[in-house]
Structures are given as C-alpha cells and as structure tokens.
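> Need a 3D model of the sequence below.
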Amino acid sequence: MLEIIRRHSFFIAFFTLFLVIFFYESIEGAVIERISGFTMGTSYEIQLVDIPTSTNLEELSGGIAELLLELDREVFSTYAEDSELSKFNRHGINSPYAVSNDLLAVLRLSKEIAIESGGVFDVTIGPVVNLWGFGPGRFEQGSLLPSDNAIKNAMTNVGVENLILNIANSEISKTKSIKIDLSGIAKGYAVDQVAVYLESHGVTNYFIEIGGEIKVSGLKPGNLDWVPAIETPLDGPVKVYEVLTNRGEKIALAGSGDYRNFFELDGVRYSHEIDPRTGKPVSDVLAAAFVLDDSAARADALATALMVLGLEESRRFIERNNLKAFLIYRSESAEFNHYVSQDFDGYINRAF
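Predicted structure coming up:
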C-alpha cells in the first residue's frame, strides 16, 4: 500500500520559512536598527547601522515595504492575477508584451544563467513542478506520482529558449505556451533592490535577508564583521553547520537545499528540485548548495542550478566557472560532509 511518510511545502503565502541562511549575533549591547515584515510568501529582516541624520528608520521602513510590495504583487507574483508575470503567462504566443525594467532584468539574468548552467536553471519548469505537487496546482489529482506520459506532456511547454527578449523595446514574447515562475531568483533580486534603496539613502552598513537570501555590507558597531551562518541541512531545529564573515565587504549569499520541501513515498524521497532535462525530481547525495556573489539574484539562481546538477557535476561547474560555493552532501555513512571552493573558503569564520 502506498504510504506518504512526510511532506513539506514552502510555497504557501503568508507563512514564514525557516531560513537556510540566518543571522548569527555575537556582539553584546550593540545598537542595530531592525526592520522586518512579510513579502513573497516569506519573511524579511533588515539590520542597519549608522543611519544618516538626513533620514530615519520609519521612512526607510515605509520605503522598503512599498518597494517589496511592488516587486511582489505588481511584478513577480504568480498568485496575484494582475501582476506583470501572471498577465504574461496568460498572454498569447508570438505577441509582444511590454514589461518593466525589473521583470526584464530578471528574465535576462534567468536566460543568461540557463545558458551558463546548460539548461538546469529554467524558469519555465513551473508546470512540471506543479505536476509533482510542489507548486500551487497539480495536473493529475487522482495519482500520487505523475505518469511518464503526464511528464512528457508537461515538458512540451518547458524551455527558456521559448522566451524571447527584446531588450531595446522592453518587450518579451514566447514561441510556446510557457508559464514562467521566478521563485528561484526573485527573492534574490528583491534583496539586491533593497540594497540599492538603502545605499541611495546613505546607508552602507546593513544586513538584508529575504526568505533566506541575504546581502551584507560594511560593518556592525565596534567595526566588527557581519557574521552570517549556514544551517545544517536537517528537517528539524536550526543547527549551525558553518559560520561565515563578510570581511567588511559587500557580499550576497544564497542557498538551496532538498531538506525542507520534499515528500517520501514507499521509502523513496522526492525533492522539490526538478531537473529540466528529465522532468523528474533530483536524486543525489547533495543536500544543500550555497553561493557567494556580488548579486543576490545571481547567487539565488546559481544555488538552485547546483542542486539540480548534483555533487559531482556541481564541483566541475564550480571549478570551471570559478564560483564561490559551498556544498553539503551526505556521505556513505549518512553523515554530512562538505566541499568548499577556494574563493569561498576565505569567508569562513575560523573563530567559531
């Protein structure tokens, strides 16, 4: 008899996610201003130091909330029917569709990383994700697992090559009935835009986190580095796996993993990470992937790509492209081990 042992879904709006990457506070008595709220179906927290006298916390909080609401509900949401993305998903084939700079920038980066990763990062994979029950909808409600025919049919409208960008005219179009889902890159882009907003108001020392994707800049009070930490990839209470330091630099850190959004059926584990090459969940020893980059959006997308590639392909991809990356994988003894690229290693905090 089929028995579902465990299932987790983090795609329901208005619920807070456990953070893949979280803030590790180590200074006592420091005054750090904080802003928090909800966006894109998850939570955000922003920590600020040395706010200029020309602005104030209330003004920054309101401006950030307005910015995130616009990016979510008006641009990237697949739940809001009137968002740009939802309208494009309903838009006809081979018909130009005018878009904002934000949507165009994210789609452009998405296509670049799709090419760079050999197609394993694909923002058109949403219908197949839904088919496996990890999205807002599902094609075959009567079956616990999709049939090969159902997967084949869903895959006919998958492929970022069917998305056409006209950068000069700020227009996009599609050559097939593709449906785009930007959940693997939009939060990272939102982090980047909050950073731009803060810097435009003279704030250069900050820690921004949206749904586990972060960007940090400058220093904390006392000229101390910001100290983010990587979580052990276990479905349970948060446990630190590795502590990092930003070295006073502006860096973005994003992660992806298979340990909080999966189901098990008859002893087989099915991850929400779907391989666009096969239309099936990834099955690999790789449990979590983290990427450091100047751009949180790029780090967000690359972390997803690494999870789809699996451990061995990811290592080759990282070395070939000189990525700053940290991979946690399950060893034969079921314990965790890790691989760290040379450039990432310099951000590990040896003091902890």
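> And the helices in the chain, which stretches?
Assigned by DSSP state H, the helices in the chain fall at 57-69, 84-90, 101-116, 126-131, 148-155, 186-200, 296-321, 342-345.
> First-to-last residue distance for stretch 160-172?
The straight-line separation of the ends of stretch 160-172 (CA to CA, to the nearest Å) is 12 Å.
> Revised request: answer the last question for stretch 277-286.
Start to finish, the residues bounding stretch 277-286 are 18 Å apart (CA to CA).
> again, but for stretch 204-216
Using CA to CA, one end of stretch 204-216 lies 9 Å from the other.
> To residue 162, which of the helices of the chain lies closest?
Closest approach to residue 162 among the helices of the chain is made by helix 101-116 (10.8 Å; CB to CB). All C-beta atoms are positioned from the backbone trio N, CA, C, and that covers glycine.
> Can you give the distance from the closest one to the centre of its chain?
Distance, stretch centre to chain centre, for helix 101-116: 14 Å (CA atoms, centre = their mean, to the nearest Å).
> And stretch 157-165, by the same measure?
For stretch 157-165 - counting by CA atoms, centre = their mean - the centre lies 20 Å from the chain centre.
> Flag every buried residue along that stretch.
Using 16 or more other CB atoms under 10 Å as the test for burial, stretch 157-165 gives 157, 158, 159, 160, 163, 165.
> ok, now stretch 200-207?
Buried residues in stretch 200-207 (16+ other CB under 10 Å): 201, 203, 204, 205, 206, 207.
> on that earlier part again, return the member of the buried residues of stretch 157-165 nearest to residue 63.
residue 165 (29.4 Å).
> What is the burial count for the residue lying closest to that closest one once chain neighbours are set aside?
Among residues not flanking residue 165 along the chain, residue 172 sits closest, at 5.5 Å (CB to CB, 6 or more residues apart in numbering). Residues lying near residue 172 (other CB atoms under 10 Å) number 22.
> How about the contacts made by residue 172?
For residue 172, the contacting residues are 88, 96, 97, 99, 103, 104, 107, 163, 164, 165, 166, by CB atoms under 8 Å, 6 or more residues apart in numbering.
> need the contact list for the first one.
Contact analysis of residue 88 by CB under 8 Å, 6+ apart lists 97, 99, 103, 172, 174, 180.
> May I see those arranged in a markdown table, with pLDDT and distance to residue 43 as well?
Output for the contacts of residue 88, formatted as a markdown table (pLDDT from 0 to 100; distance: CB to CB, whole Å):
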| residue | pLDDT | distance to residue 43 |
| --- | --- | --- |
| 97 | 98 | 32 |
| 99 | 98 | 28 |
| 103 | 98 | 23 |
| 172 | 98 | 30 |
| 174 | 98 | 33 |
| 180 | 96 | 24 |
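> For the helices of the chain, give me TSV that also has distance to residue 282.
Shown next, in TSV, are these (distance: least, CB to CB, whole Å):
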stretch	distance to residue 282
helix 57-69	30
helix 84-90	25
helix 101-116	17
helix 126-131	12
helix 148-155	14
helix 186-200	20
helix 296-321	6
helix 342-345	22
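> just flag whichever of these has the lowest average confidence.
Of all those, the minimum mean pLDDT falls on helix 126-131 (a mean of 89).
> any idea how far the spatially closest residue to residue 110 that is not a sequence neighbour is from residue 36?
Leaving out its chain neighbours, the residue that sits closest to residue 110 by CB to CB, 6+ apart is residue 123, at 4.7 Å. According to CB to CB, to the nearest Å, residue 123 and residue 36 sit 28 Å apart.
> With neighbour numbers in mind, choose between those two.
Set side by side, residue 123 and residue 36 show more neighbours around residue 123, with 28 against 11, by other CB under 10 Å.
> and that one, what is it in contact with?
Contacts of residue 123 by CB under 8 Å, 6+ apart are 107, 110, 114, 160, 163, 180, 181, 182, 184, 185.
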